[in-house]
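1. please work out how this folds:
(2 chains)
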Amino acid sequence: GAVVSQHPSWVICKSGTSVKIECRSLDFQATTMFWYRQFPKQSLMLMATSNEGSKATYEQGVEKDKFLINHASLTLSTLTVTSAHPEDSSFYICSARDRGRSLAFFGQGTRLTVV
Amino acid sequence: QKEVEQDPGPLSVPEGAIVSLNCTYSNSAFQYFMWYRQYSRKGPELLMYTYSSGNKEDGRFTAQVDKSSKYISLFIRDSQPSDSATYLCAMSEVQGAQKLVFGQGTRLTINP
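-> Prediction:
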């Protein structure tokens, strides 16, 4: 159990376009989902925390208008990178927190390349 | 000072060796302690978790928490080349919509 599916696993897009990344908890309910960004050989940097049915809480320095997060159900959260630029190229990882336990399970990650 | 400190390594050991990975932390409110393993270009995979102080064993892996010293460890016995990965410690306060605080991660290589 505790499977988190993230899609797509990689995407290449043109500068100025928007990209949507989906994160689904397949076999548990996730009241809270987290979105991280990871640079090569570095740890995870938390971007935002989203609770089902409410607005996401963004970490300091993260532009909420650029990284749109929607957590419409207990099993699905999406991250949309709007008007992407090459500096947005990174590895994005979602995490879903099991409703019944203080455990977080991660998706496979999405490698975004903006050209 | 970071809330969670973890030596980034890299750490390289021969196959079969016992590996010790450690993290220290400053927030005494942390109650849940986790170890994740992350292979290159993959998301982190939960390996072990413990609540409060004590030891927990799962196969070749043992997690230890010493809250008095604010120190946690992960031991890997009979290490295998497939254990080569980055290991991240993570911690959180009580149950609820609490975010995890991660260590920097330690890159581990097991040499055949």
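2. can you measure across stretch B:1-13, start residue to end residue?
-> In stretch B:1-13, first residue to last residue: 29 Å (C-alpha to C-alpha, to the nearest Å).
3. A:Glu87: how many residues sit nearby?
-> 8 (other C-beta atoms under 10 Å in any protein chain shown). Bear in mind the C-beta positions are built from the backbone N, C-alpha and C, glycine included.
4. mind checking pLDDT for the spatially closest residue to it that is not a sequence neighbour?
-> Spatial nearest neighbour of A:Glu87, chain neighbours left out: A:Val114 (7.9 Å); criterion: C-beta to C-beta, 6 or more residues apart in numbering or on different chains. On pLDDT, A:Val114 comes in at 97.
5. chain center to stretch A:95-110: distance?
-> With C-alpha atoms, centre = their mean, to the nearest Å as the basis, stretch A:95-110 stands 11 Å off its chain's centre.
6. now check it, is it near chain B?
-> Yes. On the criterion C-beta under 8 Å from any C-beta of the partner chain, stretch A:95-110 is in touch with chain B at A:95, A:97, A:101-109.
7. report the buried members of those residues.
-> By neighbour count, with 16 or more other C-beta atoms under 10 Å in any protein chain shown, the residues of stretch A:95-110 next to chain B hold A:95, A:97, A:102-109 as buried.
8. from the residues you listed, which one has the minimum pLDDT?
-> Per-residue pLDDT puts A:Ser102 lowest of these, at 66.
9. quick one: find the helix or strand in the chain with the lowest mean pLDDT.
-> As the question left the chain open, I've gone with chain A. Here the helix or strand of chain A ranked lowest by mean pLDDT, DSSP states H and E is strand A:104-106, holding a mean of 88.
10. ah, no, chain B please
-> Here the helix or strand of chain B ranked lowest by mean pLDDT, DSSP H and E is strand B:101-102, holding a mean of 88.
11. which residues are contacting that strand?
-> Strand B:101-102 is contacted from outside by A:43-44, B:3-4, B:25, B:27, B:30, B:88-92, using C-beta atoms under 8 Å, 6 or more residues apart in numbering or on different chains.
12. out of these, which sit inside strands?
-> When DSSP state E defines the strands, the subset of the contacts of strand B:101-102 inside them is A:44, B:4, B:25, B:88-92.
13. by proximity to chain B, which residue of chain A wins?
-> Scanning chain A for the residue nearest chain B gives A:Phe106, at 3.9 Å (criterion: C-beta to the nearest C-beta).
14. so who does that residue touch?
-> A:Phe106 makes contact with A:4, A:93-95, B:36, B:43-46 under the criterion C-beta under 8 Å, 6+ apart.
15. helix, strand, or coil at B:Ser82?
-> Per DSSP: H, G, I helix; E, B strand; the rest coil, the local secondary structure of B:Ser82 is helix.
16. and for it, the neighbour number?
-> Neighbours of B:Ser82 under the rule other C-beta under 10 Å: 8.
17. how close does it sit to chain A?
-> Computed with C-beta to the nearest C-beta, to the nearest Å, the distance linking B:Ser82 and chain A is 18 Å.
18. flag every residue of chain B that's near chain A.
-> Counting by C-beta under 8 Å from any C-beta, chain B comes close to chain A at B:31-32, B:34, B:36, B:41-46, B:49, B:88, B:90, B:92, B:94-100, B:102-105, B:107.
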